[in-house]
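Q: Build the 3D model from these lines:
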Amino acid sequence: GASRPSWMYGKFIENAQGVTAAVAALGKENQKLYFRLFDEYKSEEEYFESLVFVSIDVLDECKERKASQQDMYLGFLCPVDEYQVYGYMTNTMVKFLVIVADTNRLQEAELRDFFRNIHAAFVDYLMNPFVPIDGETIKSSKFDATVEKNVAALERPAAQKP
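A: Residues are numbered from 1 along each chain as shown. From the prediction side, this is the model:
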């Protein structure tokens, strides 16, 4: 893919090529269940964590809307700096967020699939009888691998997608 400059805190990230900067999961009370940064964005954890928490207000607004609709995919939540935040909320009010840098080549169908797959992995994770249900941080290599695989699918240029 073509590299593009990415500015954060006035800091230039050389050859930022990844589309996906971060994936997060928040519990019912907006506690952090999962947070993962990708590639060249890994050095900016504090910044991206703050983007997740900035998005909570928008998620709370979506909660009222969601009561009247069946769709868990919330779609585009808000732009922040050079990034766009997309969201998904389960019936149990667990929220999944993805922060992307370059949405030109991301289609809604891809994002819906992404969130559906992450949600399915989360359900699989919760079905483990040894996992505490009350908002503990997700510690699972299987969940991590699913997130990684689905982020990789978002990263593929449009020409390579099936």
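Q: Spatially, what comes nearest to Lys95 if we skip its sequence neighbours?
A: Leu26 (4.4 Å; Cβ to Cβ, 6 or more residues apart in numbering). From N, CA and C alone the C-beta is placed, and that goes for glycine too.
Q: State the mean pLDDT of the helix ranked longest in the chain.
A: When the chain is parsed with DSSP state H, its longest helix is helix 108-126. Throughout helix 108-126, pLDDT has a mean value of 94.
Q: helices and strands around the helix or strand following that helix, which ones?
A: Using DSSP states H and E, the next helix or strand after helix 108-126 towards the C-terminus is helix 141-155. Applying 3 or more Cβ pairs under 8 Å, 6 or more residues apart in numbering; DSSP states H and E, one finds that helix 141-155 contacts strand 20-26, strand 32-37, helix 108-126.
Q: just to revisit the earlier point, so what touches the longest helix of the chain?
A: 23, 25, 72-73, 75, 86, 88, 90, 94, 96, 98, 131, 133, 138, 140, 142-143, 146-147, 150-151, 153-154, 161 (Cβ atoms under 8 Å, 6 or more residues apart in numbering).
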